[in-house]
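In: Below is the structure, and that's it, no one-letter string:
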């Protein structure tokens, strides 16, 4: 059966077995050194077993001060490689393409994890848990939210060092065995703050008009490609709109995506918002697939493949997005936390019970197809 959601997709020399991707999701389970723990392996291997074609780790901090919290995974040292190799190998061994994302949190770094408030670290955090705040940086000295720390505006030397860190982190991601790399340029983190006119008041080459504000994002793409093999795909996550007056727009995202195409970016990972207020812990009314129109327009107008994310929970809906050409990949996040076997269940929902044995792991499928058919036979007997 030719179901759109389960068609392979070849990007450069990597073939993704289907269009389902597990989004990068911070677990806040690393120690302060940023090292991989058993939790990360179990979490990601489970997602690979669950039928996704591509599985991303959480975003890896390229420098310690670029972490969101003390509990995020890092890639700022060669010492991180052993654990990251275990993650990449575990994902691949369980049937998915191993992928990772790089991040510098900029002015949204130095934050407590969600279960301790998700607000900037304070002396109270230092006293209670030994988690002292650290200085944050951004495009300009503009705080993310009222009452948050004012970041230092990065100098040109700071930017050069940042780009060197991007290249070094990319080199480590390659050595760890990941086959897809995504750069986080969204949600109010460092790159996004250079893009948006609401957070970038620079008067040098990295500010001013759209071309100036795009320069860091494009320089980052060049830094990544200087270390990322030409045969491996490179994604870029964007907040496609700021959803704020005078902010970054979808028109801007289309223009940036066109520029990315000439910088050897392969897929635009389409998100939105998050420049200032952190929306993750808030209850905001949203419709399933609310960001799909961004992926659709960028795909059509830039010529680049896109990945859609945002409350895509129903397999029929996910399949229709791919089938209609609105996006090339579907990223599943919190729904995969609720159901790590979402991809396997999607195949049953779209292709019927006969998909159990070829699609599910043999230790599961052999049993489950027989149980399902026995229950179906029981219903038919009862109906007679």
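Out: The structure has been received and is ready for your questions. From a predicted model like this one, the values you see are computed outputs, not experimental measurements.
In: So what would you say the end-to-end distance of stretch 199-215 is?
Out: Distance across stretch 199-215, first residue to last, is 15 Å (Cα to Cα, to the nearest Å).
In: For the stretch 101-250 of the chain, which segments count as strands?
Out: 137-138, 152-153, 180-185, 234-239 (DSSP state E, counting those that start in this stretch).
In: Which one of these lies nearest to residue 336?
Out: Smallest distance to residue 336 across these (Cβ to Cβ): 16.3 Å, for strand 180-185. Quick note: C-beta positions are derived from backbone N, CA and C, even for glycine.
In: other SSEs contacting the closest one?
Out: strand 54-61, strand 97-103, helix 156-176, helix 190-195, helix 210-225, strand 234-239 (3 or more Cβ pairs under 8 Å, 6 or more residues apart in numbering; DSSP states H and E).
In: Just the element for residue 307, please.
Out: Applying DSSP states H and E as the criterion places residue 307 in strand 306-309.
In: between the helices and strands packed on strand 180-185, which gets nearest to residue 13?
Out: Here strand 97-103 is closest among the helices and strands packed on strand 180-185 (Cβ to Cβ), at 11.6 Å.
In: between the closest one and helix 210-225, how many degrees?
Out: Counting by axes from the mean of the first three to the mean of the last three Cα atoms, to 10 degrees, strand 97-103 lies at 130 degrees to helix 210-225.
In: who does strand 97-103 pair up with?
Out: Strand 97-103 pairs in its sheet with strand 54-61 (parallel), strand 180-185 (parallel), by DSSP bridges.
In: quick revisit: what is the subsequent helix or strand relative to the strand holding residue 307?
Out: Note on strand 306-309: by DSSP H and E, the next helix or strand toward the C-terminus is helix 315-323.
In: list the contacts for residue 69?
Out: 26, 28, 111, 112, 113 (Cβ atoms under 8 Å, 6 or more residues apart in numbering).
In: what's the closest of these to residue 341?
Out: residue 26 (21.8 Å).
In: Run a quick neighbour tally on the closest one.
Out: Residues near residue 26, counting by other Cβ atoms under 10 Å, number 19.
In: returning to what we had before: residue 127: which of the helices and strands packed on strand 180-185 is closest?
Out: Per Cβ to Cβ, nearest to residue 127 of these: strand 54-61, 24.4 Å.
In: And the closest one, how far out from the chain middle?
Out: 7 Å (Cα atoms, centre = their mean, to the nearest Å).
In: got the angle for it vs strand 234-239?
Out: Here strand 54-61 runs at an angle of 70 degrees relative to strand 234-239 (the same axes, to 10 degrees).
In: Can we start the residue count at 611 from this point?
Out: Sure thing, new numbering starts at 611, so read that last one as strand 664-671.
In: Tell me the buried residues in strand 664-671?
Out: Across strand 664-671, burial judged by 16 or more other Cβ atoms under 10 Å covers 664, 665, 666, 667, 668, 669, 670, 671.
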